[in-house]
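In: 3D model of this:
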Amino acid sequence: MYKLGSCLIALIVVMLNITAIADTYKVQWGDSLYSILESDFEPYEIIELNKEIKKKLPGFTLKTGTEIEKSENSWVIKMDLRREVLINKTTEGFSVDVQEYPVEVVNSYVHGEITSSLYNAMQEAGEDFSLAVKLASVYEWEIDFFKDIRKGDRFNILVEKRFIRDQFAGYGKILAADFINQGRLIRGIYYESEKVKGYYAPDGSSLKRGFLKAPLRFGRVSSGFSYKRLHPVHKVVKPHLGVDYAAPRGTPVYATADGYIERIGYDKYNGNHVGIRHMNDYHTLYLHFTRFAKGMGKGKYVRQGDVIGYVGSTGISTGPHVDYRIRKGRTYINPLRFKSPTKKLPESEMATFQGHREYYAYLLNSMFVRVAQRSKLIPMM
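Out: Sure, this is the predicted structure:
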């Protein structure tokens, strides 16, 4: 008992000594390498230290909140989970090393069921909001997450999860997914070759279409397309040739298809607005931005999914939203009913894709069975 007590006391003493030696400091606004190391190094040494660090880690800069652990004659700058800068003071001056930890990628299954929104379902599945954004981006041409989602819809995902030093470090690609929306099973399989890259249905049809279903990732439809709508401000019946998507002020708005900006500016009715001309005489219009995205201008070519502006309430508007319109020539089309054409994999890719498809179909179908056994759901093949 005496020996055991002595050992415990000795261990506590050692731990106290370690605590006394090791000291962790968080970088504050205005700190620099010089201000942090000036009490331990000469000014010319800090200049050389900085050069050496940047040689081994180009773009090195101290960010507010970065942890620096100091022990006797050594400093560890914890840049992020993956990288640490090690500084040691020596009799000759100093040494600098950069420690990079490997990223372990684990393919993981995620299952969820919609009770209110995709965001909440992902949280209830124990996952981060960023995975909801990734999943929405896979299906944004197939599902309108503003009007198509229903309680009871569910999803199964095979996704890459990244770990560094046994800590979760974010998601990689979604490799395959099933989304059951209003009883319809939509399967998306990631496929990449030298010529193509993206998500495809089992028959080789691309899930990516010419136009996105909506210009926002999340929000709600606050007013639909109508030739006879009571205007909320003017209180007269007049056509509303677009769809209003309500969202918090500052929410990014995306170009729904590739094209050239043919109009951009402000007027008292539409507020800050952008008009884009697309192939085959299609045009889209986005109204009431709080501001435009950086670099937007007349004649600029934008890609599908580029941020062109941010939700606002400029012009005649009762609250933050984007009024989104599509027309073919001079005829306006209801965005909620618009059917965008699909693309298919080239025949030269189909043989390789078939093997790829069968492998992921096996994994997804197996997952359906396991989920069904746990929740007593009927698998949908």
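
In: what's the model's confidence in the helix or strand containing Gln354, averaged?
Out: In the assignment (DSSP states H and E), Gln354 maps to helix 347-375. Averaging pLDDT along helix 347-375 gives 79.

In: buried stuff in that helix?
Out: Going by neighbour count (16 or more other C-beta atoms under 10 Å), the buried part of helix 347-375 is Glu349, Phe353, His356, Arg357, Tyr360, Ala361, Leu364, Met367, Phe368, Val371. To be clear about C-beta, it is placed using only N, CA and C from the backbone, and glycine gets the same treatment.

In: That helix packs against which elements?
Out: If contacts are counted by 3 or more C-beta pairs under 8 Å, 6 or more residues apart in numbering; DSSP states H and E, helix 347-375 sits against strand 104-113, strand 154-164, strand 167-181, strand 184-192.

In: pretty sure Asp153 contacts Leu185?
Out: No - with contact defined as C-beta atoms under 8 Å, Asp153 does not reach Leu185; the gap is 10.7 Å.

In: Pull up the overlap in contacts between the two.
Out: Residues touching both Asp153 and Leu185 (C-beta atoms under 8 Å, 6 or more residues apart in numbering): Phe179.

In: Of these two, which one has the most company?
Out: Taking other C-beta atoms under 10 Å, Asp153 and Leu185 do not tie; Asp153 has more neighbours (20 against 12).

In: What pLDDT does the model give the more buried one?
Out: 95.

In: Tell me who's in contact with it.
Out: The contact partners of Asp153, taken as C-beta under 8 Å, 6+ apart, are Glu113, Ile114, Phe179, Ile180, Asn181, Gln182.

In: Make a PyMOL selection of the buried ones in those.
Out: This is the PyMOL syntax for the buried subset of the contacts of Asp153, where burial follows 16+ other C-beta under 10 Å:
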select buried, resi 113+114+179+180+181
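
In: now, among the contacts of Asp153, which is nearest to Asn280?
Out: The shortest approach to Asn280 among the contacts of Asp153 belongs to Asn181, at 28.0 Å (C-beta to C-beta).

In: in the stretch 251-381 of the chain, what spans have low per-residue confidence?
Out: Scanning the stretch 251-381 of the chain for pLDDT under 70 picks out 368-381.

In: what about the strands in it?
Out: Applying DSSP state E, counting those that start in this stretch to the stretch 251-381 of the chain gives strands spanning 252-254, 259-267, 271-277, 282-292, 301-302, 307-311, 321-328, 331-333.

In: okay if I get those as CSV plus mean neighbour count and distance to Asp144?
Out: Below are these laid out as CSV (neighbours: other C-beta atoms under 10 Å; distance: least, C-beta to C-beta, whole Å):
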stretch, mean neighbour count, distance to Asp144
strand 252-254, 21, 14
strand 259-267, 15, 20
strand 271-277, 21, 19
strand 282-292, 21, 15
strand 301-302, 16, 21
strand 307-311, 22, 17
strand 321-328, 21, 11
strand 331-333, 14, 15
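
In: want to try CSV for the ones you listed, with distance to Asp31 as columns?
Out: Output for the strands of the stretch 251-381 of the chain, formatted as CSV (distance: least, C-beta to C-beta, whole Å):
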stretch, distance to Asp31
strand 252-254, 32
strand 259-267, 41
strand 271-277, 39
strand 282-292, 32
strand 301-302, 39
strand 307-311, 32
strand 321-328, 41
strand 331-333, 56
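
In: Surely Ser130 is within a helix?
Out: Yes - assigned with DSSP: H, G, I helix; E, B strand; the rest coil, Ser130 falls within a helix.

In: Could you report the neighbour count for the residue nearest to it when sequence neighbours are not counted?
Out: Excluding its sequence neighbours, the residue lying closest to Ser130 (C-beta to C-beta, 6 or more residues apart in numbering) is Tyr171, at 6.4 Å. Neighbours of Tyr171 under the rule other C-beta under 10 Å: 20.

In: How about Gly319?
Out: For Gly319, the count of nearby residues is 13 (other C-beta under 10 Å).

In: Distance of it relative to Lys195?
Out: 46 Å (C-beta to C-beta, to the nearest Å).

In: One more: Asp323?
Out: Asp323 is 38 Å from Lys195, where distance means C-beta to C-beta.

In: Adding distance to Tyr34 as columns, could you present the helices and strands packed on helix 347-375 in a markdown table?
Out: A markdown table is the format used below for those (distance: least, C-beta to C-beta, whole Å):
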| stretch | distance to Tyr34 |
| --- | --- |
| strand 104-113 | 37 |
| strand 154-164 | 30 |
| strand 167-181 | 31 |
| strand 184-192 | 46 |
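
In: Out of the contacts of Asp153, which comes closest to Arg82?
Out: Taking the contacts of Asp153 together and measuring to Arg82 by C-beta to C-beta, the closest member is Phe179, at 32.1 Å.

In: is the closest one in a bridge, and if so with what?
Out: For Phe179, the beta-bridge assignment (DSSP bridges) gives partners Phe155, Ile186.

In: Touching, it and Ile149? I think so.
Out: No - using C-beta under 8 Å, Phe179 is not in contact with Ile149, being 9.8 Å away.

In: where do the contact lists of the two overlap?
Out: In contact with both Phe179 and Ile149: Ile143, using C-beta under 8 Å, 6+ apart.

In: Could you tell me the angle between the helix holding Gln354 and strand 167-181?
Out: In terms of direction (axes from the mean of the first three to the mean of the last three C-alpha atoms, to 10 degrees), helix 347-375 departs from strand 167-181 by 90 degrees.

In: between helix 347-375 and strand 154-164, how many degrees?
Out: Using the same axes, to 10 degrees, helix 347-375 lies at 100 degrees relative to strand 154-164.

In: tell me the angle of helix 347-375 relative to strand 104-113?
Out: Going by the same axes, to 10 degrees, helix 347-375 makes 60 degrees with strand 104-113.

In: now helix 347-375, how far from the chain's geometric center?
Out: How far helix 347-375 lies from its chain's middle: 25 Å, per C-alpha atoms, centre = their mean, to the nearest Å.
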